[in-house]
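1. just the structure for this:
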Amino acid sequence: MQRVLGEEGVEARCFYLDEAPETSFPGQMRCLLFRPRDFSASQAGGAAVSMVFRLPRGCYASVLMREVMKAEDPLAAGF
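-> The predicted structure follows:
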């Protein structure tokens, strides 16, 4: 990763905002793939589905929900 960043001329300083230093963090690596834990789903009436799950730190429910709700053929659906 460091080699590629160096080749692209990207340094840690590129991610620091002088105008808003309180929004700057040292950063960390995240998993490329993750599995939800304690997952359950049930019909909640009509087309609604209720899902309950836990995610590892650094993983986002919005990413999981995007994958659950995406069209069978995303390209044909315009994504």
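
2. mind listing the strands for this structure?
-> 37-45, 48-54 (DSSP state E).

3. what helices and strands are in contact with the shortest one?
-> Right, the one you point to is strand 48-54. Contact analysis of strand 48-54 by 3 or more C-beta pairs under 8 Å, 6 or more residues apart in numbering; DSSP states H and E lists strand 37-45, helix 61-69 as its packing neighbours. C-beta coordinates here come from the backbone N, C-alpha and C atoms, glycine included.

4. which residues sit against it?
-> Outside strand 48-54, the residues within contact range by C-beta atoms under 8 Å, 6 or more residues apart in numbering are P36, R37, D38, F39, S40, A41, S42, Q43, A44, A61, L64, V68.

5. what separates the spatially closest residue to the fifth one that is not a sequence neighbour from R66, distance-wise?
-> Pointing back at S40 there. Nearest non-adjacent residue to S40, counting by C-beta to C-beta, 6 or more residues apart in numbering: V52, 5.1 Å away. Counting by C-beta to C-beta, to the nearest Å, the gap from V52 to R66 is 18 Å.

6. likewise L33?
-> Taking C-beta to C-beta, one finds L33 at 14 Å from R66.

7. comparing the two, which shows the higher neighbour count?
-> Higher neighbour count among L33 and R66: R66, with 11 against 5, using other C-beta atoms under 10 Å.

8. picking that back up, closest to E7 out of the helices and strands packed on strand 48-54?
-> helix 61-69 (28.0 Å; C-beta to C-beta).

9. for the closest one, packing partners?
-> strand 48-54.
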